[in-house]
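J.: Output the structure for:
(2 chains)
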Amino acid sequence: MDERWGLTPMVKVEVVVSGEDAEVVADLFATAGAVGFTAVANVSGVGHGGAHQGRLAFNDKNALALLMVVLPPDGVDGLLDGLRSLLSERPGVLFVSDAFVSRPEYFR
Amino acid sequence: MTARAFSAGHVVALVERATRPVPLLWPLGSAVAVNPLWDLRSQPFPTALAHARRTLGIAGLPSADVLADAFESGRVTVADLEAALEDHDRGRLAAIAPDALRSLEQGSVVATVLERHEQLVDASLATAVDREVAKYCAAYVGGLVTGPAAGATGFFASWRSAVEADPAGRRLGVDALLDSVDGGPEAVIATVLARLGLDEPGAVDELTGQSTRLPGWAAHAKWRSRWAAPDHAGPALGLVDYLAVRLVYDLAALVQLGHRPGRGSCCDHVRLAAPGPVPVPSPRVVGGQTGRRLAELDPDVAGMVWLTAYEGHYRDGLLAALERPAARAPARAPLAQVVCCIDARSEGLRRHLEALGDYETFGFAGFFGVPARVWPFAGSGPVDLLPVLLHPSVELTEQPADDAVGVARLAGLRQLAAVGSAVTSTREGTIAPYLLAEAGGLGLGPLTVLRTVAPARFDRLRRRVVQRFAPPVDVHPVLDGPGAPDDTEQALFVETALRTMGLTDGFAPVVVLCGHGSTTENNPYGSALDCGACGAARGGTSARVAAAMCNRAEVRKLLAARGIVVPVETVFVAAEHDTATDTVTLFPPAGMAPVNRDRLARIGRDLARAGAEVAEERAATLPGTGRRPRGRSVAEQLVARSTDWAQVQPEWGLARCAGLVIGPRRLTVGVDLERRVFLHSYEPDTDPDGSALEAILTGPMVVAQWISAAYYHSAVDPDVLGAGDKVAHNVVAGIGVYQGAGGDLRLGLPRQAVFDGSSLYHEPMRLLVLVAAPRARVDAVVARNPVVAELADGEWVHLAVRDADRTWLRQPGGGWRPWTRRRDSEDPPATTQCAADARDHGEENARG
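T.: Just a heads-up that it's a prediction; the model follows:
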């Protein structure tokens, strides 16, 4: 419990991948015991491979997707194993950061 | 020795990486044509082929016989080969990556530990494992194995609960292993990989080897895991579950065979030979200096040069034909604008309709830009009417125009379904089929004979009976009820479609939105002949939805505010082109003005006339369809084909498809493209920011590439990536077919879709994509869309641009070079001007 705010520490994992890989990332979240996650389809930006267009009119699979999950720290190792392995061959980026939540039971 | 176990998350990622060479297989009800090597597209095409040779065992290129015959017939010339050799010499062909070439030279395929171990011992347990795995897959998807352990779900749990009592499993020693491989499928995979002593690269190879032993079942599992909607009905056979089952069997077999796992295990050094070099025609076939130059090349490189020459011949012919002045300008004040699907089969209908003089035609993906899940009236469930690259964003229902008739139809269909269900369940019983034959034989026997010898007559009889019990009723989509998209959303769909195809002003009094479908009988692959842009379903419903949206006053008001003013008198009318019979059905909206009813009557007659001319063209190519056998007209013959339950080639579908033209119709009008070219309308002048072009290149171009690649690979590797002979097909739970009594599901298209007897009918080529747009605009779209860059720069498609009256060819990796017309492409054999049309309809043209 964070002493100042009365919050519970968690780990937030954010992944930006091709829309085609969103399903496997969702599988990885589920395998790590996540009970929910957030997905934002059709995100745009500039990365290692140059600019990426956001929403495509007739293709949901080949735009980028941002997926976010918050997990207790003890559930993260396996997820990171999987994401590292996936991103060794697939385009995408991974961000891991501390997070604090007010209702920890929502994340277990 | 046991290696460190992978975590569950790591296993999921390993499975994903390992199964990238595995194709995708959609269920038969929505048999989407798919590029089987889609997940290898981050590699250039030749490198991906090399990868697929080591994993799937395919050749990937047209056979030496096909190419030699093409050379003999003039379909490939010395000039074509010289041009391809020059492209190779100048680095203008996508090259095979050096490590892929080395792997091929080393001559080994990716193999499982069991396959390698069996090279050392006299055993064939891998085949027995395949048999058992296929048995359980079929039982699971067929709903026969439904007793998972308490609280568990999925294929692995179901298999585990069933295999303990299975003597075949005991013979392989599976029962002795079950206690030691505990947990869910991810944990089981981790345990087996650890017991085999495999590190990460070894684990990926093992899982690749496992997934390519029965690529059909793996392809179904991959579709289910990665592409199926989460709420898709039926047993979910997922990839991780599938591989877990396979690995347990393999581990049991290895234990039986005394395999010692771990680093330095007995079979570490064993390699399985890859298929030999891709065969190419002997240099002697070509002879001369060209033959000597071909002989100097590595066989895999020579194969690519031959393919490039084969493709270049068609490309040069098409581009030369399109450089000629159009034989006919599009009608300026047309009676109607007809928007057909981009499907290559629409080209014939458009060409012949335009030849009648008062028509302007457009091409747009047959879902007309509305990504809808539709609950058809009196249907058995929802249908996703959109390309599989999209998720449905709206859900629509249909309702009958006349409630009383609708109620009568529903009641009648229920009665007929009850009779059908009773007959089916009787047929599937043990004793009952004999009683059914005794009791019903007198009645059913003659019907069966009639169905066989006079299919068209039987079809008419059946229709009459159905109509007697279930009267037909007009239906229309519900666009203003609860759950329907709001006016703004509908206007956005319509605006996107109109702007993308460049139809934003100059509306004709009637605009026909024409979807397409194919009527066939007793054809498991029937949906493969329907509209790919509608998720392999018939396109009439999509056309009705889009036309109804276009006719709504609320939508038109919003369109006008966005700068697209549709005249009040313009009416949008839905239609459906039956590509098996070349008949077109119109679905006029209710309450049409009398003047438009008269116009529509003429449009209907003209569509019938155009369809009849297309039918004549097609009949000349269909096996067994003569000019007038037994006095039957071509139209009658085509109807008979489409209703014949023994007919394996109701139509050619998209066989021989070769190109996609993205541009205004004036670029192609008057040229006979022989129903081989997808046509997507695009007006470069109204798309300065390239957003419409981007939508086309990332959507319809991808769909066209999938179709082209499905035909290509079904033609060049029919044994691995084709569905085999229709005559011996057995349908498995609606998800695929066996060739014969069991084994693996077949991938790709049936043999009869690409072969005419023993000869190849389809011409296997990569899709030629010609875009009418400035090069800089195309470059910008390519740069911000990796999927387009992979396809264009990896030479999965050949991208060409018509820019300021010059044609440019894209180089692998980027950049353009001008296309120059060769002297020997003056009279291209594959693409000709519409001389006959111009002659037949010269007077009408002058008037139009």
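J.: Per-residue pLDDT of the residue of the stretch 351-500 of chain B at minimum distance from chain A, please?
T.: Using C-beta to the nearest C-beta, the closest approach of the stretch 351-500 of chain B to chain A is made by residue B:389 at 4.5 Å. C-beta: built from backbone N, CA, C; applies to glycine. In this model, residue B:389 is scored at 93, pLDDT.
J.: show me the contacts for it.
T.: Shown in contact with residue B:389 (C-beta atoms under 8 Å, 6 or more residues apart in numbering or on different chains): A:58-62, B:699, B:702-703.
J.: Kindly recompute the last result at 7 Å.
T.: A:58-61, B:699, B:702-703 (C-beta atoms under 7 Å, 6 or more residues apart in numbering or on different chains).
J.: which SSE is the spatially closest residue to residue A:73 that is not a sequence neighbour in?
T.: Nearest residue to residue A:73, sequence neighbours excluded (C-beta to C-beta, 6 or more residues apart in numbering or on different chains): residue A:11, at 5.2 Å. Assigned by DSSP states H and E, residue A:11 belongs to strand A:8-18.
J.: In chain A, what residue lies closest to chain B?
T.: residue A:58 (2.6 Å).
J.: what's the neighbour count on that residue?
T.: 25 (other C-beta atoms under 10 Å in any protein chain shown).
J.: what about it, is that helix, strand or coil?
T.: What DSSP: H, G, I helix; E, B strand; the rest coil gives for residue A:58 is coil.
J.: Identify the residue nearest it in space, chain neighbours excluded?
T.: Nearest to residue A:58 is residue B:699, by C-beta to C-beta, 6+ apart, at 2.6 Å.
J.: Phi, psi for the one you found please.
T.: phi -110, psi -80 (degrees, to the nearest 10).
J.: what separates the residue in the stretch 601-750 of chain B positioned nearest to chain A from residue B:485, distance-wise?
T.: Residue of the stretch 601-750 of chain B nearest chain A, by C-beta to the nearest C-beta: residue B:699 (2.6 Å). With the distance defined as C-beta to C-beta, to the nearest Å, residue B:699 ends up 19 Å from residue B:485.
J.: In terms of neighbours, single out the busier of these two.
T.: residue B:699 (24 against 19).
J.: Please verify my assumption that the more buried one contacts residue A:59.
T.: Yes. The pair residue B:699 / residue A:59 is scored as a contact, 4.8 Å apart, by C-beta atoms under 7 Å.
J.: got the contact list for residue B:479?
T.: Counting by C-beta under 7 Å, 6+ apart, residue B:479 has contacts B:490, B:548-549, B:552.
J.: Can you flag which of these belong to strands?
T.: Among the contacts of residue B:479, DSSP state E puts none in strands.
J.: right, and the pair among these with maximum separation?
T.: Comparing all pairs in the contacts of residue B:479 by C-beta to C-beta, the longest separation belongs to B:490 and B:548, at 9.1 Å.
J.: Now the stretch 151-300 of chain B against chain A: closest residue?
T.: Closest point on the stretch 151-300 of chain B to chain A, by C-beta to the nearest C-beta, is residue B:226, at 5.1 Å.
J.: count of residues packed around that residue?
T.: Residue B:226, neighbours per other C-beta under 10 Å, totals 20.
J.: Give me every residue in chain A lying close to chain B.
T.: Contacts of chain A with chain B, taken as C-beta under 7 Å from any C-beta of the partner chain, map to A:23-24, A:27-28, A:31-32, A:49-53, A:56-62, A:77-79, A:81-82, A:85-86, A:89.
J.: Now the worst-scoring helix or strand of chain A on mean pLDDT: buried residues?
T.: Within chain A, confidence by mean pLDDT, DSSP states H and E is lowest for strand A:50-52 among all helices and strands, at a mean of 80. Of all the residues in strand A:50-52, those buried under the rule 16 or more other C-beta atoms under 10 Å in any protein chain shown are residue A:52.
J.: same check, this time on stretch B:67-81
T.: Buried, per 16+ other C-beta under 10 Å, within stretch B:67-81: B:67-71, B:75-81.
J.: between the residues you listed, which is nearest residue B:349?
T.: Closest to residue B:349, out of all of these and judged by C-beta to C-beta, is residue B:75, at 27.1 Å.
J.: so who does the residue nearest to the closest one when sequence neighbours are not counted touch?
T.: Using C-beta to C-beta, 6+ apart and skipping the chain neighbours, the partner closest in space to residue B:75 is residue B:313 (6.4 Å). Applying C-beta under 7 Å, 6+ apart, we find residue B:313 in contact with B:75-77, B:80.
J.: Those residues into CSV, with extra columns for secondary structure and pLDDT?
T.: Converted to CSV, these look like this (DSSP: H, G, I helix; E, B strand; the rest coil; pLDDT from 0 to 100):
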residue, secondary structure, pLDDT
B:75, coil, 97
B:76, coil, 97
B:77, coil, 96
B:80, helix, 97
